[in-house]
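Q: Got a predicted structure plus its sequence, pasted below:
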Amino acid sequence: MSSITFCSEEMLAAFSKIEYLKSYINEKKKEFERNRAKQGPDISSVSRRQKLNNIGVFRIYIEKYLSNIPKIREDMTILVRQLPAENRGLPMEICAFTSETDWIPYENVQSDIFDHIYAIAPAFGLRLFQEPTGYDMHKDI
């Protein structure tokens, strides 16, 4: 959870280059500008400023990524949400339905999705949690 942070302008510029996120980030920026205009000029308080954060952008990325996988059914629920935080981090739940009903092709779709999520998370500045093992404790790593 220590890798969750507000997005800098540099992060947003990098995320905007990702096909699935460009329109989302642009819309959120416009929404925040409209809200700032309504609040008036004194929004110096950090608690009153609206900013995107890397975990929220990542969640939207996963939703849009799933929506663009041909074997994910668009006519059924696609949901990515955060579960309550725990001592091992912030779990995320993914609900989606595949057009595959045979066991091995279904498992392959699921594996491909998680392979992608594990590989892309660091691009969002996020660190995934894994219980330490004896291997993790070596000084050489």
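A: Yep, that arrived.

Q: Tell me the buried residues in the lowest-mean-pLDDT helix or strand in the chain?
A: When each helix and strand of the chain is scored by mean pLDDT, DSSP states H and E, helix 22-39 comes last, with a mean of 88. Residues of helix 22-39 classed as buried: 24-25, 28 (neighbour count, 16 or more other C-beta atoms under 10 Å). Where you see a C-beta, it was placed from the backbone N, CA and C, and this is true even at glycine.

Q: Name the member of those with the shortest distance to Lys64.
A: Tyr24 (7.4 Å; C-beta to C-beta).

Q: how near is the closest one to Thr101?
A: 32 Å (C-beta to C-beta, to the nearest Å).

Q: And Leu126, by the same measure?
A: Taking C-beta to C-beta, one finds Leu126 at 33 Å from Thr101.

Q: In terms of neighbours, single out the busier of the two.
A: Using other C-beta atoms under 10 Å as the criterion, Leu126 and Thr101 rank with Leu126 on top: 18 against 7.

Q: next structured bit after the least confident helix or strand of the chain?
A: Moving toward the C-terminus from helix 22-39, the next helix or strand (DSSP states H and E) is helix 54-67.

Q: how distant is that following helix from the center of its chain?
A: The gap between where helix 54-67 is centred and where its chain is centred comes out at 4 Å by C-alpha atoms, centre = their mean, to the nearest Å.

Q: list the contacts for the nearest residue in space to Asn53 that is not next to it in sequence?
A: Sequence neighbours aside, Phe6 is the residue nearest to Asn53 in space, at 5.2 Å (criterion: C-beta to C-beta, 6 or more residues apart in numbering). Contacts for Phe6 were tallied using C-beta atoms under 8 Å, 6 or more residues apart in numbering; they are 51-54.
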